[in-house]
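what follows is a predicted protein model with its sequence.
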There are 2 protein chains.
Amino acid sequence: MIRILLADDQALVRGALAAVLRLEPDFDVVAEVGTGTEVPAAARRTTPDIALLDVQMPGREGLDVAADLQRALPGCRTIICTTFSRPGYLARAVAAGASGYVVKDSPPEQLVDAIRRVHAGLRFVDPALAAEALARGASPLTGREADVLRTAAEGGTVADIARALRLSEGTVRNHLSAAIGKTQARTRAEAARLAEANGWL
Amino acid sequence: MIRILLADDQALVRGALAAVLRLEPDFDVVAEVGTGTEVPAAARRTTPDIALLDVQMPGREGLDVAADLQRALPGCRTIICTTFSRPGYLARAVAAGASGYVVKDSPPEQLVDAIRRVHAGLRFVDPALAAEALARGASPLTGREADVLRTAAEGGTVADIARALRLSEGTVRNHLSAAIGKTQARTRAEAARLAEANGWL
DNA sequence: TCGTACCCATGCCATTTGTCATGCGTGACC
DNA sequence: GGTCACGCATGACAAATGGCATGGGTACGA
């Protein structure tokens, strides 16, 4: 039996996924949680073989949780399962030690297939996304530029960003300017959109 | 038997939902489609009792499709099922003749319950969302303000928006200014975020 | 040790943006 | 017919923004 931990904040989706996974005779969904913070405790309690994590969850992001889980339970492999096919997310997932990456666009069989492969010690990455990631490459943004752009995405003024990040306004403008240039955008809003779409934030 | 049409662009979610609905002995999922444009044809072919529509789908939005479906197959009742609990969406769903509105956050039992109620001729709206909608009220934006704000959300400059909407730049600035005032924002980006979050776009 | 990359900051300047006042036309409503 | 809300436009002005140059500090690898 393959023991599975399921983490997704949308109860309807989580329940439905659990139902479809339980249809496989060799699958056993041993835990279902709705937040990232619950994952470590649930994993220690149920010792799953596979942790299926959504990227966006209240509390802690799936990508952060994956890294911790990797250290705490080396026997448990993680698969990231998300709505967003963003190259940057894939890169971060791999860096966090995830063994698989499945996009929610793909058919259910692909998820089942991914779980079997990862359980067998292989890796699985959505083919279309893998190609996309290779084409787009890594994030051109420096850490600070990403911080500033992330805060700018809220829609506040330069003063707001500077206050939130405890920087001078001039510095914020410089980082924004650099980010706008690197993303080939013309306004910070566009830069934020592009960076977000690529998973660079 | 309650005949159900399922429309959701995420194949994994769609498949999982179909699986969980098929567990109910009196439910029959007669059609599964991944785009809004496929819905009318599939509905005519399979004559479902209930159409379960996601809001965001490629092609046509679920809300638009709902209105058409209402006219074409009066016997088929629609339930909107979406990730987003936005008051504005609920208002538009009701206007489009939908009989139910379920948020994907809610547990699977609630969806099953909603389907049974709607099939029985009742209405069903997620309780938390209904309260939210009452509290926030309708959109304060005029049609043109919403247009401008929607275009502004792409991140372009005033000139871009003016060109896209064939308006003068001054007019665009006026609409933006009005929208910023009404949403109590301080930048157009913030106004766009707030309006989007409320489903006013 | 040097070069390089990054972070932080300051200052300057042209452009863009947000705000306001004002005007005109249209359609809805009393 | 008058009033009102709305869309569209123009003009003007203060503030915010985006480029760009410059300089200092730190960390890291050659």
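Arrived safely, thanks for sending.

so is A:Tyr68 in a helix, a strand, or just coil?
Rather than Tyr, residue A:68 is Asp. helix (DSSP: H, G, I helix; E, B strand; the rest coil).

what does A:Val102 give?
strand.

ok, A:Arg3 next?
Relying on three-state DSSP, one would call A:Arg3 strand.

any idea how far it is from B:Ala19?
According to CB to CB, to the nearest Å, A:Arg3 and B:Ala19 sit 20 Å apart. Every residue, glycine included, has its C-beta placed from N, CA and C.

contacting residues around stretch A:114-131?
A:2, A:4, A:21, A:27, A:49-50, A:52, A:77, A:79, A:85, A:87, A:90, A:99-103, A:106, A:110, A:113 (CB atoms under 8 Å, 6 or more residues apart in numbering or on different chains).

show me the residues you listed that map onto helices.
With helices defined by DSSP state H, the entries of the contacts of stretch A:114-131 inside them are A:Leu21, A:Pro87, A:Leu90, A:Gln110, A:Asp113.

what's A:Glu32 sitting at in phi/psi?
Backbone dihedrals for A:Glu32, given as degrees, to the nearest 10, come out at phi -130, psi 120.

now do the contacts for it.
Here A:Glu32 is in contact with A:Leu5, A:Leu6, A:Ala7, A:Arg14, A:Gly15, A:Ala18 (CB under 8 Å, 6+ apart).

7 Å instead?
If you count contacts by CB atoms under 7 Å, 6 or more residues apart in numbering or on different chains, A:Glu32 has them with A:Leu6, A:Arg14, A:Ala18.

make sure the last one is actually in contact with A:Ala7.
What it means is A:Ala18. No. Checked against CB atoms under 7 Å, the pair A:Ala18 and A:Ala7 is beyond contact range at 11.1 Å.

so for those two, which residue has more residues nearby?
Using other CB atoms under 10 Å in any protein chain shown as the criterion, A:Ala18 and A:Ala7 rank with A:Ala7 on top: 26 against 21.

from B:Pro48, how far off is the more buried one?
33 Å.

A:Leu167 too?
If you go by CB to CB, the gap between A:Leu167 and B:Pro48 works out to 56 Å.

likewise A:Arg136?
Counting by CB to CB - A:Arg136 and B:Pro48 are separated by 41 Å.

with A:Pro127 instead?
33 Å.

show me where pLDDT drops low in chain A?
By pLDDT under 70, the low-scoring segments of chain A are A:135, A:137.

can you pull the residues of it lying near chain B?
A:10-13, A:15-17, A:19-20, A:23, A:83, A:104-108, A:111, A:155-157, A:185-187, A:189-190, A:193 (CB under 7 Å from any CB of the partner chain).

all helices for chain A, in order.
Taking DSSP H to define them, one finds helices in chain A at A:11-22, A:39-46, A:62-72, A:87-95, A:108-119, A:127-136, A:143-152, A:158-165, A:169-182, A:188-197.

can you check which of those helices gets nearest to B:Arg150?
helix A:188-197 (13.3 Å; CB to CB).
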